[in-house]
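>>> Below are the sequence and a predicted model; questions follow.
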Amino acid sequence: MEKELTTALAGVRDAFARYPRRAVLDGCPHCRGSVLVDEHDLFSLTISLGNTVGSRADVKALLPVLLERLLGSDDLDPAIVLGKLPRQEWRTWPRVEQEAVDAYLDAVWRSLLTDHPPRLGSFTDPATFLDAARAAGERVERFLAVWDATPTPSADRHLAEMVARLDFAKPKPSVLGVWLRRKATRDRLHRAWERDHDSPWADDLAQAYDLLRV
């Protein structure tokens, strides 16, 4: 999985290499003025990037470093970073750029499900990733289908944790909430418990299963 992430990041760098990174970005003359790009403080820049600071080309130029920083540290907000994409109409970008972002999202998601606990910087759990994917304008069903096709202990432990955090009193559950409440989820947790009943996390699987029986 490490190789897939490395390949995905390389693809992002290649796809956006033709956009030069500027040390100073043009800001709104009425509220910001020129803004120095400081890689030690990218968080404050991400809030205004593409809005009152910088152009679409600047967003594209900085996207590789932002996506890589999301994986290497917890100092950026994934939803803020990926939320830049629909504002910049990324589904109208050249196909190679769209495919690079798609490959990144797919690689991050698969890697996230592979490890428990995850080791992906700002992507601390599946919920964080799915919120960021929604911010990017993506349908969560795309990623839930991958989760369905990943019946591993790590993916099952993530599933149990998500069920444990469900608000069962919510009158209109989200797409994720509906997916989690399925009989298929309950059956999967039961199979996971049968497989891992001697493991330290067996109780988590059983408790999640019981919650879905209610």
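Sure thing, it's come through.

>>> Phi and psi next, for the closest residue to residue 56 other than its chain neighbours.
Leaving aside its sequence neighbours, residue 56 sits nearest to residue 88 (C-beta to C-beta, 6 or more residues apart in numbering; 5.1 Å). Placement of C-beta: from N, CA and C, glycine included. Dihedral angles of residue 88 (phi, psi; degrees, to the nearest 10) stand at phi -100, psi 10.

>>> What is the neighbour count of residue 88?
Residue 88: 17 surrounding residues under other C-beta atoms under 10 Å.

>>> now swap in residue 174 and tell me
Here the number of neighbours of residue 174 (other C-beta under 10 Å) works out to 14.

>>> Let me see the mean pLDDT of stretch 96-115.
Averaged over stretch 96-115, pLDDT sits at 97.

>>> quick one: the residue nearest the centre of the chain from residue 114, how far?
By C-alpha atoms, centre = their mean, the mean C-alpha position of the chain lies nearest to residue 129, the distance being 2.7 Å. Residue 129 sits at a distance of 13 Å from residue 114 (criterion: C-beta to C-beta, to the nearest Å).

>>> residues making contact with the lengthiest helix in the chain?
Identified as the longest helix of the chain according to DSSP state H is helix 95-114. In this structure, residues lying in contact with helix 95-114 by C-beta atoms under 8 Å, 6 or more residues apart in numbering are 1-2, 4-5, 7-9, 11-12, 14-16, 60, 63, 67, 71, 85, 90-91, 118, 120, 123, 125-126, 129, 133, 136, 138, 143, 146-147, 150, 152, 154-155, 158.

>>> same check, this time on stretch 121-138
Identification of contacts with stretch 121-138 by C-beta under 8 Å, 6+ apart yields 69-83, 85-86, 90-91, 101, 105, 108-109, 112-113, 118, 140, 142-143, 147, 158, 161-162, 165, 176.

>>> Let me see the domain layout of the protein.
Following automatic domain parsing, the chain resolves into domains at 1-138, 151-214.

>>> Name the next helix or strand following the helix-or-strand element of the chain with minimal mean pLDDT along the chain.
In the chain, the helix or strand scored least confidently by mean pLDDT, DSSP states H and E is strand 35-36, which has a mean of 65. Once strand 35-36 ends, the next helix or strand along the chain (criterion: DSSP states H and E) is helix 42-48.
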